[in-house]
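# have a look; sequence and predicted model below, questions after that.
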Amino acid sequence: MGHSAPFIRASRRVRFSDRIVRSSIYTAAALFALGATPAAAFTIRTVAITGDVAPGTAGATYDTFGPIVLDSAGEAAFTATLALGGDVVATNNLGMWSEGAGVGALGLIERRGSPAVGTSATWDAAIAPPAWNDAGQVAFLAFTNGGPIGVWSEGSGALAPAALTGSQAGGAPAGQNYAASLSEPSFNDAGQVAFHGTLSGAGVTLANDRAVWVGGPVGPLAIAAREGQSAPGAGGASFSDFEGTLVNSGGDVSFRATLSDGGSGIWAGPAGAVQLAARDGSAAAGTTGQFENFIAGDFNDQGKVAFEAGLAVGVGGVTAGDDRGVWAGAPGSLALIAREGQVAPNAGGRVFESFSGPRINDVGEVLFRAFLDTGTGLFLDGGGLGKVVASGDSAPGTSLGLGDAAFGSFTDYALNHSGAVAFTATLTGLAQGVTGANDGSLWLADPGGALTLIVREGMLWQLGLGDFAIVESIDFFGGPDARGRGLNDAGEVSFHLLFSDGREGVFVTAIPEPGSAGLVALGLIAIAARRRLAAAAQA
């Protein structure tokens, strides 16, 4: 297969030493030096930092990192660049690593300039982060140098291409090939991938050159839906284009599609037998209105979708003040989760104005971000709609001696199957010492709603014995489960930090017991100490 046969995972894995930082994010010695008393252990594992030797590279070291994602065992996968110098140059300084052989056992998946498995070309770049399943396997979209674009997967036990541009397209007539536009794959624990893209070749026209594929890990992929096919439940309209393709544990897919009549909708189900969940002009559950447009959302293992949609203004009494909402459920049994104009729960009387990025877990709980008439918030429906956090709420454990800061806005977020939520937030409160250098933060809300601060900009972070650096920015990846995320079902969170001295690192944390938010206050002593030292220096 090209320059090399698919390699066996164990043969390319090297043991990478675990590094554990206990007593919040500081050693006891550092805390005592700051006049604090260490509390119970708050464990954070360093996966890799700038300057570490990158496995599989003959001594090259990591320079910068992309997003990091987790599986159920706490194993991580990420992309990174290598420090230039020696035999590392711009044509071989980018790669992907994972802990698929076990926590702490990093191994190289692919590296720019090395042979691209299943082709005669070399790797160029993979889209980050990879899809990462609970079997410790990756799938990703990648580009090669002078060769095909493709989707690769470890679903069969070894890295292999699932689809390559210019090769026969699964489920299509002979001579019809995958073409240049392939999407990032969704990936399930059985090793099956799903993605959408284009075709070329004999019999392919502009009226049938787009499709959704699903299948693997062995054998050709099947076409789940194709442009030009009659769209189920669409009154004779045919599929036109696709986006937001996801696969669940049973191999069913969901996607958003546009239609030949100009409409759009959400479909879900097995390849060749997808069912309509909702389309423009259909009755919108929980309202007297009709759907008008859709934004692709999420898909769970029970075949339920979650999505944001609009309502047609002027139909069924819908106005511009209540024409957006979030819905979830299986095709044929959708339910309204939240609607524009509705009073948001526990948010001081504020109302929903718009929504983004709903997530649904395998017990049917739905998480979404809402823009309110004042501020934003994260809300969770688990049989009843409730607030996770909203702008203006007190951010526990953030006091620098002047009271806790408040939450301002929210960016990335993820939901696990236990109902825990991890999210990034911007803090506010000039009187509480919040500045542009310490307003970024990463949190976990446990299933009971207790908030724990994981890391905050401005914190002093231990990278090794006697080696400390100040956190400058925080990167957390929140996304649908079938594409990889920074939160697993054990409540572990993975994240990427940039430090003020130019170094970076990727980390995984085990969250303390509920109600232990006070632990992270220890970390904030470092911020307060730095402020006192700066004030003393100015004096």
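Yes, it's here. Predicted model, so just to flag it, every value in this text is computed and none were measured.
# from here on, just use CA atoms for contacts and neighbour counts.
OK.
# excluding chain neighbours, what is closest to residue 264?
Of all residues not flanking residue 264 in the chain, residue 258 sits nearest, at 4.2 Å (Cα to Cα, 6 or more residues apart in numbering).
# now do the contacts for the one you found.
Contacts for residue 258 (Cα atoms under 8 Å, 6 or more residues apart in numbering) come out as 239-242, 264-265.
# among those, name the ones in helices.
Using DSSP state H, no member of the contacts of residue 258 falls within helices.
# before we move on, the earlier item: okay, the host helix or strand of the residue nearest to residue 264 in PDB with CA atoms only?
Element membership for residue 258, per DSSP states H and E: strand 253-259. The C-alpha coordinates for strand 253-259 follow below in PDB (Å, rounded to 0.1, in the frame of the first residue of the first chain):
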ATOM      1  CA  VAL A 253     -26.300   8.800  10.200                       C
ATOM      2  CA  SER A 254     -27.800  12.300  10.500                       C
ATOM      3  CA  PHE A 255     -27.300  15.300   8.300                       C
ATOM      4  CA  ARG A 256     -28.700  18.600   7.200                       C
ATOM      5  CA  ALA A 257     -29.600  18.800   3.500                       C
ATOM      6  CA  THR A 258     -30.700  21.400   1.100                       C
ATOM      7  CA  LEU A 259     -33.400  20.500  -1.400                       C
END
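# parallel or antiparallel, which strands does it pair with?
Sheet pairing for strand 253-259, assigned by DSSP bridges, gives strand 239-247 (antiparallel), strand 264-269 (antiparallel).
# now do the shortest one, average pLDDT.
When you say that, I think you mean strand 264-269. Throughout strand 264-269, pLDDT has a mean value of 97.
# which element is residue 139 on?
strand 138-145.
# can you list the strands that that strand pairs with?
Strand pairing for strand 138-145, determined by DSSP bridges: strand 122-126 (antiparallel), strand 131-132 (antiparallel), strand 150-153 (antiparallel).
# pull the number of nearby residues for residue 218.
Around residue 218 there are 12 other residues, counting by other Cα atoms under 10 Å.
# how near is the closest residue to residue 209 other than its chain neighbours to residue 193?
Nearest non-adjacent residue to residue 209, counting by Cα to Cα, 6+ apart: residue 199, 4.9 Å away. Relative to residue 193, residue 199 is positioned 18 Å away (Cα to Cα, to the nearest Å).
# now swap in residue 138 and tell me
Distance, residue 138 to residue 193, by Cα to Cα: 10 Å.
# kindly report the same for residue 176.
20 Å.
# those two - which one has more neighbours?
More crowded of residue 176 and residue 193, by other Cα under 10 Å: residue 193, with 33 against 20.
# go ahead and confirm that one touches residue 218.
No - counting by Cα atoms under 8 Å, residue 193 does not reach residue 218; the two are 10.8 Å apart.
# now the helices for this structure?
With DSSP H as the criterion, the chain has helices spanning 28-33, 518-538.
# so residue 316 is in contact with residue 291, correct?
No - judged on Cα under 8 Å, residue 316 makes no contact with residue 291 at a distance of 11.0 Å.
# please say which of those two ends up with more neighbours.
residue 291 (25 against 13).
# now do the contacts for the more buried one.
Taking Cα under 8 Å, 6+ apart, we find residue 291 in contact with 278-284, 309-312.
# cool, residue 468 as well?
Neighbours of residue 468 in contact, by Cα under 8 Å, 6+ apart: 460-462.
# beta partners for it?
residue 462.
# which pLDDT value goes with it?
pLDDT at residue 468 comes out at 96.
# how near is it to residue 507?
Taking Cα to Cα as the measure, residue 468 falls 15 Å from residue 507.
# re earlier: what touches both of residue 138 and residue 193?
residue 153.
# related to what we said a few turns ago, could you dump the contacts of residue 258 into JSON lines with distance to residue 370 and neighbour count added?
Formatted as JSON lines, these follow (distance: Cα to Cα, whole Å; neighbours: other Cα atoms under 10 Å):
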{"residue": "239", "distance to residue 370": "30", "neighbour count": "28"}
{"residue": "240", "distance to residue 370": "30", "neighbour count": "26"}
{"residue": "241", "distance to residue 370": "28", "neighbour count": "24"}
{"residue": "242", "distance to residue 370": "25", "neighbour count": "26"}
{"residue": "264", "distance to residue 370": "23", "neighbour count": "25"}
{"residue": "265", "distance to residue 370": "22", "neighbour count": "27"}
